[in-house]
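1. Structure, please.
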Amino acid sequence: MATSGRGSGLVGYNVPVAVETEHHLIVAHTVTNAGSDRAQLSGMAVRAKQALETDTLDAVADRGYYSGQEILACERAGISVTLPRPMTSGAKAAGRFGKEDFLYRREENAYVCPAGETLSHRYTTVENGLTLHRYWTNVCSACPMKTDCTTGKERRVTRWEHEDVLET
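-> Next comes the predicted model:
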């Protein structure tokens, strides 16, 4: 199992389990040498759904299982997921606005920033197999809230094509 050190590792296994809530019994498990749970959610949830012989399943997990692609796979398998989003925003850690402070308006395909400005869709790209949409506005330089928002020329927001699934 890989560790945080470069080229290091240890002999060990990760054993994710699924527990049903009524009797607190383990209904599914797997053994892996992957040190992270990020890629384990959908496989474990599908195994639990099969073991419980149910058409729907509500899965609850900790933030270590958070992966947009895994959540999307669960949705496609008829599994609803509840888990907290990890705190990975460098802006938020530095005391600036995070992406969650920007309101997405589906009808306009645009974001609205905390200062009320519209960040328009500028382009779409594919990175690491994910289709991402980029948004920004050119009025940031005159904004009195700029220091609370970005250290760059303008604030840019990225939206995954399946972000609505994560928001749900």
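2. Please count neighbours and contacts with C-alpha atoms only from this point.
-> OK.
3. Now name the helix or strand holding Arg122.
-> strand 118-127 (DSSP states H and E).
4. Go through that strand and flag the buried ones.
-> Along strand 118-127, the positions that meet the burial threshold by neighbour count (16 or more other CA atoms under 10 Å) are Thr118, Leu119, Ser120, His121.
5. And those residues, which is closest to Tyr13?
-> Of all the buried residues of strand 118-127, Tyr13 sits closest to His121, with 43.9 Å by CA to CA.
6. Distance of the nearest residue to that closest one once chain neighbours are set aside relative to Arg106?
-> In space, and not counting its chain neighbours, His121 is closest to Tyr135: 4.5 Å by CA to CA, 6 or more residues apart in numbering. For Tyr135, the distance to Arg106 equals 13 Å [CA to CA, to the nearest Å].
7. out of the two, which sits in the busier spot?
-> A side-by-side neighbour count of Tyr135 and Arg106, using other CA atoms under 10 Å, places Tyr135 first with 19 against 9.
8. Now for the closest residue to Ser36 other than its chain neighbours, how many residues are close by?
-> Spatially, and ignoring its direct neighbours in sequence, Ser36 is nearest to Gly64 (7.4 Å; CA to CA, 6+ apart). When neighbours are counted by other CA under 10 Å, Gly64 registers 16.
9. got the phi/psi numbers for Gly64?
-> Main-chain torsions, Gly64, degrees, to the nearest 10: phi -70, psi -20.
10. Also the one 10 residues further on?
-> Summarising the backbone geometry of Cys74 under the convention degrees, to the nearest 10, its torsions are phi -60, psi -50.
11. re earlier: what about the strand holding Arg122, average pLDDT?
-> For strand 118-127, the mean per-residue pLDDT is 97.
12. How far away from the center of its chain is that strand?
-> 18 Å (CA atoms, centre = their mean, to the nearest Å).
13. how far away is Thr88 from Ile26?
-> Thr88 is 31 Å from Ile26, where distance means CA to CA.
14. who's more crowded, these two?
-> Between Thr88 and Ile26, Ile26 has the larger neighbour count (other CA under 10 Å), namely 13 against 9.
15. can you pull the pLDDT of the more buried one?
-> Here, the pLDDT recorded for Ile26 equals 96.
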